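Trainee: Based on what follows, work out the 3D shape:
(chains A and B)
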Amino acid sequence: MTVSEKIFSKASGTPVKAGDFVLANIDLAMTHDITGPLAVQGFYEIMRDEEEKKVWDPSKIVIIFDHQVPADSINAAENHIMLRKFAKEQGILNYDVYEGVCHQVLPEKGHVLPGDLIVGSDSHTCAYGSLGAFSTGIGSTDMAAVFATGKLWFRVPETFRFEVEGKLPERVYSKDLILHLIGDVGVEGARYMAAEYAGSTIRSLSIPERMTISNMAIEMGGKAGIIEADEVTEAYLQERIPGYKLDPYWKSDEEAKYLDIRHYDVSDLEPQVACPHNVDNVKSVSEVEGTKLDQVFMGSCTNGRFEDIKIMADIMGDEPVAKGVRLLVVPASKTEYMKLLKAGYVEKLMNAGAIVEAPCCGPCMGGSFGLLGPGEVGLATSNRNFKGREGSAESFVYLSSPATAGASALTGEITDPRKV
Amino acid sequence: MEGRAWKFGDDVDTDAVIPGRYLIFNTPGELAKYTFEGVRPDFAKKVHENDIVVAGSNFGCGSSREHAPLALKGSKVSCVIAKSFARIFFRNAINIGVPVLECPNTDRIDDGDELEVDLSTGDIQNITKGETYQATPLPDFVREIVDEGGLIEYARKLVSER
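Mentor: As a prediction, the model looks like this:
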């Protein structure tokens, strides 16, 4: 069995295989300030004839505010008020406006475990696959059903396995790797499938680097992006859950059946850039070098961790941000922000001319702050570059690694980080 | 159902359906005012009740936000026909009662073509061109949800059986 088949077998209480339709028990459900209000409305519709309008298990639900925080409009404030009230009435854990981005906060607070079936009303919920969970994005009505019943229907997905070997070259990172894979298979290359990332390269990655990989499984159409839990995972979880012991069952069997297996050697991989307006429009940095920039956005659930921002800051050294370029740095959580603060990186970046914002989704969701105007060009370490994603439909967004973002912030144009 | 086709290409993402800055709104009517604003600025003003959105492959890719099918529902389009749909959008549309049909022949349909769609059989008649296409029927499990009137009603049944 694949790890996905194992997780769905546990969740549905019966052995299942890819292609089966199941009604599965959910281990953890997450919603946020954008998709949460619709989920709450739907929940009360489902429960309208019930005397007790209670969620199935408040201990298995997390509500977090991260998209429009602090509230940037009266509508956003009203959404926050509604969700705070719901969380309080139901006894649900609510991470308010100061904690950070859902996909960073949940793993760092110990909510995610290998073998779990996790749903979130956000498409990048696949990020938790980095810890060996089957986690997937759902809509608000699906979430309403989960709130009410603790169950959701699924088609057990086939698995697309990516076997990656070789040592990543100097100044080439996991973001470059996942962009390369997406560029290879396309935006719907893994549609309806579980993407499974394996091989010596993947095993050599830290949890933050793995999070970047799993986070972007959705950009190849994936239902999940799973990395086998190992001693690296166990060490990460032991820091959060004292005495945690990894169950070796939660991995794909050697005889597991895959829909497709692709092999990659990344020993010679160059830094990669996704060009407008699709994430699979991927080119080597050398092909787009010199593209003039108006803004660099460093952050998001894909690359907003301490390690990511450190890479950028170290590349920039003591040099200032290029004239005419706005550098927005948005750490992914309060914890990551505090690490940066203690290590002196916040001061260093601000002295260089960066705007360091409080932890949140920032420009990535296209509705809060740091948006691009018509004709402007942005480079971002986030996950999507669709037309209008980070502001005007007449703007242009390129996606890159933190290293490429750092080098480009210095020069004011897309720059190969190996040349700085 | 009968309506005029609004034709789109491949990989129409949820940000194209409804830009992120409008996610503060939660009602179909409000969201409808901004549907396809960045890619078809005339859509919200010119769309008629029962019009049909037709697209290539991977329609609705990107975010899980249900605001995208809600915006289409608010625009009163009768259904969406595409070669293929992104998984989350497909689920969301079914859940809130926006019919979606997968059809390999959407290249044959042009902007403004008059279409007649039979959801029960998957038959699509292009009245303008005098052609008929066949859409893929929904899986049985999904039909159950549709037959219950959407996921809310399906879930209510589950709750009442507890």
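Trainee: Any idea which residue is closest to the centre of chain B?
Mentor: In chain B, the residue lying closest to the centroid (CA atoms, centre = their mean) is residue B:80, at 3.2 Å.
Trainee: correct me, but it touches residue B:51?
Mentor: No. In this structure, residue B:80 is not within contact of residue B:51 by CB atoms under 8 Å, at 10.6 Å. Where C-beta positions appear, they are placed from N, C-alpha and C, glycine not excepted.
Trainee: In a strand, the residue nearest to the centre of chain B, correct?
Mentor: Yes. Under DSSP: H, G, I helix; E, B strand; the rest coil, residue B:80 falls within a strand.
Trainee: Run through the residues that contact it.
Mentor: B:52-55, B:59, B:72, B:93, B:98-101 (CB atoms under 8 Å, 6 or more residues apart in numbering or on different chains).
Trainee: between those residues, which is nearest chain A?
Mentor: Lowest distance from chain A to these (CB to the nearest CB) belongs to residue B:93, with 8.9 Å.
Trainee: Next one: that closest one from residue A:350, what distance?
Mentor: Note on residue B:93: its distance to residue A:350, by CB to CB, to the nearest Å, is 45 Å.
Trainee: try residue A:163
Mentor: Distance of residue A:163 to residue A:350, given as CB to CB: 42 Å.
Trainee: Which one's more surrounded, the two?
Mentor: Shown here are residue A:163 and residue A:350; by other CB atoms under 10 Å in any protein chain shown, residue A:163 has more neighbours (16 against 13).
Trainee: In contact with residue A:402, which residues are there?
Mentor: A:173, A:175, A:298, A:303, A:308-309, A:311-312, A:381.
Trainee: please redo it, this time with the cut-off set to 6 Å
Mentor: Taking CB atoms under 6 Å, 6 or more residues apart in numbering or on different chains, we find residue A:402 in contact with A:303, A:308, A:311-312, A:381.
Trainee: Make a PyMOL selection of the buried ones in those residues.
Mentor: For the buried members of those, the matching PyMOL selection, counting by 16 or more other CB atoms under 10 Å in any protein chain shown, is:
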select buried, chain A and resi 303+308+311+312+381
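Trainee: okay, the contacts of residue A:402 in JSON lines with secondary structure and pLDDT next?
Mentor: Converted to JSON lines, the contacts of residue A:402 look like this (DSSP: H, G, I helix; E, B strand; the rest coil; pLDDT from 0 to 100):
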{"residue": "A:303", "secondary structure": "helix", "pLDDT": "86"}
{"residue": "A:308", "secondary structure": "helix", "pLDDT": "94"}
{"residue": "A:311", "secondary structure": "helix", "pLDDT": "94"}
{"residue": "A:312", "secondary structure": "helix", "pLDDT": "90"}
{"residue": "A:381", "secondary structure": "coil", "pLDDT": "90"}
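Trainee: secondary structure class for residue B:116?
Mentor: strand.
Trainee: those strands in the stretch 201-350 of chain A, which residues are they?
Mentor: Using DSSP state E, counting those that start in this stretch, the strands found in the stretch 201-350 of chain A span residues A:224-227, A:260-265, A:272-274, A:282-284, A:295-299, A:326-330.
Trainee: ChimeraX command to pick out the buried ones of the contacts of residue B:80?
Mentor: The ChimeraX command for the buried members of these (criterion: 16+ other CB under 10 Å) is given here:
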select /B:52,53,54,55,59,72,93,98,99,100,101
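Trainee: out of the contacts of residue B:80, which are inside strands?
Mentor: Under the assignment DSSP state E, the contacts of residue B:80 contribute B:52-55, B:100-101 to strands.
Trainee: Leaving out the residues flanking it, which one is nearest to the most centrally placed residue in chain A?
Mentor: Nearest to the mean C-alpha position of chain A, counting by CA atoms, centre = their mean, stands residue A:215 at 3.6 Å. Spatial nearest neighbour of residue A:215, excluding adjacent residues (CB to CB, 6 or more residues apart in numbering or on different chains): residue A:127 at 4.0 Å.
Trainee: How about residue A:263?
Mentor: Leaving aside its chain neighbours, residue A:263 sits nearest to residue A:163 (5.0 Å; criterion: CB to CB, 6+ apart).
Trainee: So which elements touch whichever helix or strand the one you found is part of?
Mentor: Residue A:163 is part of strand A:159-165, with elements assigned from DSSP states H and E. On a contact count with 3 or more CB pairs under 6 Å, 6 or more residues apart in numbering or on different chains; DSSP states H and E, strand A:159-165 meets strand A:194-198, helix A:200-203, strand A:260-265.
Trainee: check whether the helix or strand that it is followed by contacts chain B.
Mentor: Using DSSP H and E, the next helix or strand after strand A:159-165 towards the C-terminus is helix A:174-185. No. Judged by CB under 6 Å from any CB of the partner chain, helix A:174-185 makes no contact with chain B; its nearest approach is 12.0 Å.
Trainee: coming back round to it: contacting residues for the residue nearest to residue A:215?
Mentor: Residue A:127 sits in contact with A:103, A:211, A:214-215, where contact means CB under 6 Å, 6+ apart.
Trainee: Mind checking what secondary structure it has?
Mentor: When classified by three-state DSSP, residue A:127 comes out as helix.
Trainee: Read off the pLDDT value for it.
Mentor: Note for residue A:127: predicted pLDDT of 94.
Trainee: for residue A:104, same thing?
Mentor: You'll see residue A:104 listed with a pLDDT of 88.
Trainee: Could you pull up the contacting residues of the residue nearest to the centre of chain A?
Mentor: The neighbourhood of residue A:215, defined by CB under 6 Å, 6+ apart, consists of A:124, A:127, A:301-302.
Trainee: Mind pulling up the pLDDT for it?
Mentor: On pLDDT, residue A:215 comes in at 88.
Trainee: same thing with residue A:201?
Mentor: For residue A:201, the pLDDT comes out at 95.
Trainee: where's it relative to residue A:258, distance?
Mentor: Distance of residue A:201 to residue A:258, given as CB to CB: 18 Å.
Trainee: Likewise for residue B:119?
Mentor: From residue B:119 over to residue A:258 (counting by CB to CB), the distance is 35 Å.
Trainee: Beta-bridge partners for the closest residue to residue A:400 other than its chain neighbours, please?
Mentor: Spatially, and ignoring its direct neighbours in sequence, residue A:400 is nearest to residue A:273 (5.0 Å; CB to CB, 6+ apart). Judged by DSSP bridges, the bridge partners of residue A:273 are residue A:283.
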